[in-house]
Each structure stands twice: as C-alpha cells, then as structure tokens.
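> The following comprises the amino acid sequence and a computationally predicted model.
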Protein chains: 2
Amino acid sequence: MLIGPLPPKRSRRSSGAVTLHDVARLAGVAPITASRALNTPEQVSEAVLQKVKDAVASTGYVPNRLAGGLASTRSRLVAAVVPTISGAVFLETVQSLTETFAQAGYQVMLGQAGYDGLREDALLKAIVGRRPDGVVLTGIVHSVEGRKLLTASGIPVVETWDLTPTPIDMLVGFSHVEVGRAVAAFLHARGRRRFGVVAGNDPRAKLRYESFHSAAIAFGLPAPKVVVVPAPTTLKYGRDSLSRLMECNGANNAIDAIFCSSDSLALGVMTEARVQGVRIPEDVAVVGFGDLDFAAYMQPALTTVQINGGAIGRQAAQFILDRADGREIVQRVIDIGFKIVDRQST
Amino acid sequence: MLIGPLPPKRSRRSSGAVTLHDVARLAGVAPITASRALNTPEQVSEAVLQKVKDAVASTGYVPNRLAGGLASTRSRLVAAVVPTISGAVFLETVQSLTETFAQAGYQVMLGQAGYDGLREDALLKAIVGRRPDGVVLTGIVHSVEGRKLLTASGIPVVETWDLTPTPIDMLVGFSHVEVGRAVAAFLHARGRRRFGVVAGNDPRAKLRYESFHSAAIAFGLPAPKVVVVPAPTTLKYGRDSLSRLMECNGANNAIDAIFCSSDSLALGVMTEARVQGVRIPEDVAVVGFGDLDFAAYMQPALTTVQINGGAIGRQAAQFILDRADGREIVQRVIDIGFKIVDRQST
DNA sequence: GCTTGATTTGGTAGCGCTACCATTGCAATC
DNA sequence: GATTGCAATGGTAGCGCTACCAAATCAAGC
C-alpha cells in the first residue's frame, strides 16, 4: 500500500516553552549565533546582537540552564550544606554565599545534613547528582563514604568554619582550639579563676571547650565544670545550664566565669543569672560565641568571640569561582581568624 | 589521496564520569533497562534489578539529574525565595521546606530577593531558567514583571506568610489584618488602653499594625504611637524604639502596651525597659510576633503571636509535590491561622 | 590580483538521560 | 494450534543547549 509522506510527526515531548531555536529563527540567524549573542556578545556583530535581543524581548525567552549545563558541563549550580539552617550561626555565611554566587550568575542549593550525620551521605549523593560546580560544607563532619564520593566526583569542595588538618580540597575557617585557648587566657588575665562551660554537643564546640579546659589547667586553675546541651543551642538551655553549674557550687569554690558555645546560650545564662540574683560581671563573667546581632546590645553587653561569617562565605564563593574560571589557587587553606570582643559581661 | 576510515573520533566533551551506559554495559542490559531498574524497579525482573544494583555499586554511579531533568522536563528542583535568610522569621519555613522536599528527592535552591525588591526580577529570571518544578515565595512582594514571568513559565507557585486576595497560583498563609485586630482585642481585654507599636518596615508588618491601629480606634482608644525601624529587625532597634516611645510620654498618657513586629524587637524593648526601670508587665505590656525559640524562656516570658512556620513550609511543599504528581488540588488557598500565646509579659 | 589573518557566522554532533513505541517471550484462553 | 494478554526488554529519537570545527566574509598588505 502506498501512503503519502509521513506527517511532520510533531514531537509531543517539547515543554512548549520558547527555545533558543525560536529566538534564532525570529532573529534570522543560526541557533549557535543566537547562543553567542547571549553568552559571548563580544563575538557577535552589533546588528546581530540587536536582532537577537529584540527577539528575546518579544518572545520572553528564558534560557534553559538545565540544557546549557548538560551541554557545557558547567551547571552554574553550587551546593551549600549546613547542619540545620535554623542554627543562626551559619546564617551570615549562607547569606553572603548566596549573594556572591547570585552576582556571578550561580544558584545556590541548600542542604541540611542534620546534626547526627545520618542523612549526610544521602544528601551528598543527591547533591553530586546535580553536577554542581562546587560544594561548600559549612560546619559539617563528613563520613569516609562522603569524602570518597566528593573526591571521586571531582567537584571543587570548600570546607568552612573549621581548620581540619586534612581538608578534602579547599578550606576557609579558623582554629577552634585557638579560640578555647584565647578565651581562657582572656578570662585569666581578667582575674577569673574558676571556669565553667556551657556547650552544645557539636564537635567544633567540643574542640573549643577542650582546649579551654587544658589552658585552664595549664594556668594552674581547677578543671572547668562542663555542661553539654543538645544542638541547636537556645536560650532555654542556657538558663537550665546556669542552674546546673550553680548547683554544685560550694561557698568557696563558686564559678566566676562561664564560656558559652553560642551567644544564644549566653543570653540564657544571663537571663537565669538575673532571676537568681547572680550579678554579671561582678559575680560571674560570661563569654559567648558568634557575636550575633543582639550581643552588643544586651544588658550588660555580651563579651563574645566574633567570627566574620560573611567573610567566610565570600571567600568560599571566591574559591569556587576562581576554580570555575580556571584561575590558579595558590593558597588553598585560609585561616580567617577570630576576635574576642570585650564588652560589659566580663 | 586515499586515507583509511576515520578514527573512532573519541569525543573529548564527555565529563569523564560514569554514565548510565557504563552501568548498563557492565550489567549486560540495555541503557533503558538500567534506567528502569533505577527509576521504576517494579517494571524490572529481580535478576536484572540485582545486576544493575551491583553495577551501580561497583562503578560508584551517580545519575546525572541535569540530563534526567532535561529529558523528562522534571528537574526535581524547587526554588525558595526569602527577603533575606538572616531574618530568622522564615527559618523554620525554609527548614521544613528543605526537609520535606529532600525526602521526596527534590533539591531546594535558595534565593534572596532583598527587602527592597530590586533584585527580585533578576532572581526570578535566574530561577525560571533552572526550570524548577515549583517556586515557593516566602514573604515577598512581587512586581508585575515578576508575576508575568512566573505565570508565563507555567511553574507551580506557592506564596506564603500572607493571605493576598489575588494569589498567583497557590497560597498558604494567614491574615496579618486579623493578627493586628486580635492583638488589639487581647490587650484591650487585659485592660490596656494606650497602645504603642514597634515595627519593621516591611509590608506585612504594616498590615498588622494598621489593623491594630484601627481596632484601637474602634475600641474608643487613642491612636497608637507607631515607631518604624528598618528591616531586619534586631534587638538594638527594639531598645532604641522603646526610648522613642517613652520620650513623648506625658505623665497621664503613658503607653501601657506595645505590639512589636518581631520577637527580636520585643526582646530589645524589654531589655531597654529593664534599664530604664519600666516594669513589665506592670507598667507596660509587651507582645511580640513569631514565637521564636527564646520567647517562652525570656524573663518575663514573652506573650507573642505564634505562627507555625514549619507547617507553612510543609504545606507549601505538599502543594508542589501534589501538583508534580498530577494530584488534583481542591483547596488552593490555605489559612494556617495563628495563636496568641499568653505569657508573663502582658 | 592573491595571500594572509582576523572576524563573524554556520553545521554537526553530541552532553546523559527518558518518552514513546516496538518487540520478545511466555502463560492463559478459546 | 492460533489467539490474546501481559510482563519484561530493547531501539530510536529527542530534551535544549554548547563544543568543536569549518566556512564565509572582509580589511589589510604585498
């Protein structure tokens, strides 16, 4: 049986959206030329550029970055992993990360690993599946599996908020050990002699109070009393913890300084102190960590360890952008440092 | 000149990563069968499933979701837009959004529109370019341009944290007008008669204090004094604002109740009150907004408007997942409501 | 005129995956 | 045995874009 030529067999799979081909046809140029007009306009004549721009405007064309990413193996997608977003400490980092990347035309995917690390491997696998141009690990302990996955993927990785001896790839952070030591020295210099600690149960907080602990011993002081609370740290835990620290206080060995692993905990400690009639700083000095927006304006204003979370985010983003643009990275590990801000609570 | 057949012309474009084809070859099946084994295992025999699983394990294959998304026009990517992530109010929503989506195999892209809405259009364009399966707008004023772009893209949109009369698509929020009214009624019932307001300059806060204002008038009370501060609202602004409210207090028309547009502001107001010897709640009642984690544990504990931010996020995610799975959505607008939590500050 | 080199444009062939349709094998039914 | 129906597998053809190479165009130089 003879049948006529097959009908054009219009594909039903198309998403229906305007494509680069539509724009090109409208502008009277080849698709690849339209692509260049949008991505590398300097390679294209004025006339063509204008025609393509007009076509884009009149069709409302929005490039499909999924297709572009697949073709160019550059997704312009970046993943940021935090333990949990409601932890407040990493907010500034996430914010500056998102902003810096947005300006460079990158999009940030947010991943929450959870404090227990159970979801971590699944999360990393999901992330790698998106073929991001970079991964920023914000305060995360990574399993051996996870490290392997990231290394094998070849994706640039920036670890932050810590100074590990063996970074996966790049790193921008500070030494928690130094922080603990510095706070102990600071309190010792202020004449404080009996230290207490209120800390969340995360590994970096542990680094801080352990070095705080050994520094105290090194000064010839009694071993600090440590109260560990579950993460995320909140005002409530701060209040509870002060009570626990006070309970075991004899008359002549009262704690006279408390190092908190977050400003929120410090806020709680100071709240409870007021309720119990403990004077700050007269009876007890309080040091926080993070220098969140409220620290400077509390009453009394909180002495705390200031970390430039915004700078961490910007530097992490810069690392990845440099790598993406093929720039050599000479310094793969950056110590961003910290500062003890001396205010009224000490 | 006669030359032999061209060499295989090995493409140099491949990313080098393991592909589904590699897995299929190793498992001794066709690529499409391997695809089914991974995506719809019930369509495949036990034997094949096992072979493919083994091949995946031995190669460390991670599916390329960019390619999958392009082919299936389902990116399993979702965008969440907030004014700024460091605003704290939306954190719980972002958290539950990310978690709910992660469980369903979706990834969340984070976008910060800024409070001024300048970057909004550029941000939305960048988002649409990723062809996400949904967009969650968290407390955002959207321009006409932006609305058009979203509507034209056909992407499911959920607006949250507000109850606009004309939603773009779907909505889960609550009535800020009702909140203002309810707080006024609450304070009035407590015998308070001279109201003050401390509010961030965002449009939703404005809705709240304007209806608070008119409710006060309706009760026959004097017009509340309003202090507006820039967003994001912090403790500092709360302290400043209390001073401003007190300044204009005569002896016999002292403000006896303050409605703050965030718990952070309330914390500031209460801090300054303590400094100035203003007793809470005896002299002045304070009501916050948000019921952040610290509100219940402040001293005195803060009476505040509780919004279930987590529920908003989960419901927004559910909307988009339902849409993605082709389920009918009968109720496209959901009022999640709010609750005044009566504590010690009133 | 012809070469040379730079600039601008176009064609082809994928990127890695899945939608769609076709085929195979095999038990159940008439 | 032929037919039907279903489950399991495979082949083909894109999804919308860009890398790579080839060709065309043009000004400059001899």
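Thanks, I have it.
> drop to CA atoms for contacts and neighbour counts, all remaining ones
Will do.
> Give the full set of residues in contact with the residue most central in space within chain A.
Closest residue to the average C-alpha location of chain A: A:T138 at 3.9 Å, with Cα atoms, centre = their mean. Residues near A:T138 by Cα atoms under 8 Å, 6 or more residues apart in numbering or on different chains: A:A80, A:V81, A:V82, A:P83, A:F90, A:E159, A:T160, A:W161.
> List the beta-bridge partners for it.
Per DSSP bridges, residues listed as beta-bridge partners of A:T138: A:T160.
> hey, where'd the strands end up in chain A?
Shown for chain A, the strands assigned by DSSP state E span residues A:77-82, A:107-112, A:134-138, A:157-160, A:170-173, A:195-200, A:225-229, A:257-260, A:285-290, A:303-306, A:333-335, A:339-341.
> what does the fifth one rub up against?
Contacts of strand A:170-173 from elsewhere in the structure, counted by Cα under 8 Å, 6+ apart, are A:156-163, A:312, A:315-316, A:319, A:332-337.
> The first one now?
Residues outside strand A:77-82 that contact it (Cα under 8 Å, 6+ apart): A:90, A:94, A:106-114, A:127, A:130-140.
> The spatially closest residue to A:A215 that is not a sequence neighbour: neighbour count?
Nearest residue to A:A215, sequence neighbours excluded (Cα to Cα, 6 or more residues apart in numbering or on different chains): A:R181, at 5.6 Å. Counted with other Cα atoms under 10 Å in any protein chain shown, the neighbours of A:R181 add up to 20.
> can I assume A:A301 is in contact with A:V341?
No: at 10.2 Å, A:A301 does not count as touching A:V341 under the criterion of Cα atoms under 8 Å.
> How about the closest residue to chain B within the stretch 101-250 of chain A, nearest residue that isn't a chain neighbour?
With Cα to the nearest Cα as the measure, A:M109 is the residue of the stretch 101-250 of chain A nearest to chain B, at 4.1 Å. Distances taken as Cα to Cα, 6+ apart put B:M109 closest to A:M109, at 4.1 Å, once the chain neighbours are dropped.
> got the contact list for that neighbour?
A:Q107, A:V108, A:M109, A:L110, B:L77, B:V78, B:A79, B:A80.
> likewise A:L221?
A:R193, A:R194.
> just to revisit the earlier point, could you report the pLDDT at the residue of the stretch 101-250 of chain A closest to chain B?
Listed pLDDT for A:M109 reads 97.
> do A:Y115 as well
For A:Y115, the model assigns a pLDDT of 72.
> list the contacts for the spatially closest residue to it that is not a sequence neighbour?
Among residues not flanking A:Y115 along the chain, A:P83 sits closest, at 5.2 Å (Cα to Cα, 6+ apart). By Cα under 8 Å, 6+ apart, the contact set of A:P83 is A:Q112, A:A113, A:G114, A:Y115, A:T138, A:G139, A:I140.
> So what pairs up with the first one in the strands?
By that I understand A:Q112. Beta-bridge partners for A:Q112, by DSSP bridges, are A:V82.
> ok, the closest residue to A:F212 other than its chain neighbours to A:A215 distance?
Closest residue in space to A:F212, ignoring its immediate chain neighbours: A:G180 at 4.1 Å, by Cα to Cα, 6+ apart. Computed as Cα to Cα, to the nearest Å, the A:G180 to A:A215 distance reads 8 Å.
> correct me, but A:P281 touches A:S345?
Yes: with contact defined as Cα under 8 Å, A:P281 reaches A:S345; the gap is 5.0 Å.
> Of the two, which one has the most company?
A:S345 (23 against 16).
> residues touching that one, list them.
For A:S345, the contacting residues are A:I280, A:P281, A:A285, A:V286, A:V287, A:P300, A:A301, A:L302, A:T303, by Cα under 8 Å, 6+ apart.
> Count the neighbours of the third one for me.
Going back to what we said before, that points to A:A285. A:A285 has 24 nearby residues by other Cα under 10 Å.
> Check the fifth one too.
By the criterion of other Cα under 10 Å, A:V287 has 29 neighbours.
> residues contacting it?
A:V183, A:A257, A:I258, A:F259, A:C260, A:A266, A:L302, A:T303, A:T304, A:V305, A:S345, A:T346.
> ok, now A:D291?
A:D263, A:T304, A:V305, A:Q306, A:I307.
> which among the residues you listed gets closest to DNA strand C?
Distance ranking of the contacts of A:D291 against DNA strand C, using Cα to the nearest atom of the strand, places A:I307 first at 40.3 Å.
> mind listing what that closest one touches?
By Cα under 8 Å, 6+ apart, the contact set of A:I307 is A:G290, A:D291, A:G337, A:F338, A:K339.
> can I get these in CSV with distance to DNA strand D?
Formatted as CSV, the contacts of A:I307 follow (distance: Cα to the nearest atom of the strand, whole Å):
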residue, distance to DNA strand D
A:G290, 41
A:D291, 43
A:G337, 38
A:F338, 40
A:K339, 43
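> pretty sure A:F294 is in contact with B:L235, am I right?
Yes: the pair A:F294 / B:L235 is scored as a contact, 5.4 Å apart, by Cα under 8 Å.
> Could you measure from the residue nearest to A:M109 over to DNA strand D?
Going from B:M109 to DNA strand D by Cα to the nearest atom of the strand, to the nearest Å gives 20 Å.
> Next: A:S75.
10 Å.
> How confident was the prediction at that residue?
96.
> Run a quick neighbour tally on A:N253.
A count of neighbours around A:N253, defined by other Cα under 10 Å, yields 11.
> Quick check: it touching A:G196?
No: shown here, A:N253 and A:G196 do not form a contact pair, counting by Cα under 8 Å, at 11.5 Å.
> so what's the residue nearest to A:D263 when sequence neighbours are not counted up against?
Nearest residue to A:D263 in three dimensions, chain neighbours excluded: A:G288, at 4.6 Å (Cα to Cα, 6+ apart). A:G288 sits next to A:F259, A:C260, A:S261, A:S262, A:D263, A:S264, A:L265, A:A266, A:L302, A:T303, A:T304, A:V305 when contact means Cα under 8 Å, 6+ apart.
> Filter these down to the buried ones.
Buried residues within these, counting neighbours by 16 or more other Cα atoms under 10 Å in any protein chain shown: A:F259, A:C260, A:S261, A:S262, A:D263, A:S264, A:L265, A:A266, A:L302, A:T303, A:T304, A:V305.
> In CSV, list these along with pLDDT and distance to DNA strand C.
Output for these, formatted as CSV (pLDDT from 0 to 100; distance: Cα to the nearest atom of the strand, whole Å):
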residue, pLDDT, distance to DNA strand C
A:F259, 98, 50
A:C260, 98, 47
A:S261, 97, 43
A:S262, 96, 43
A:D263, 97, 45
A:S264, 96, 45
A:L265, 97, 46
A:A266, 98, 49
A:L302, 98, 52
A:T303, 98, 52
A:T304, 98, 48
A:V305, 98, 46
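> before we move on, back to that, wait, isn't the residue nearest to A:A215 in contact with A:S211?
Yes: contact criterion Cα under 8 Å: A:R181 and A:S211 qualify, at 5.6 Å.
> okay, the residue nearest to A:A215: pLDDT?
For A:R181, the predicted pLDDT is 98.
> same deal with the one 10 residues further on?
Model confidence at A:G191, given as pLDDT, is 96.
> Tell me how many other residues crowd it.
A:G191, neighbours per other Cα under 10 Å, totals 11.
> how near is it to A:V284?
11 Å.
> same thing with A:M298?
Distance of A:M298 to A:V284, computed by Cα to Cα: 16 Å.
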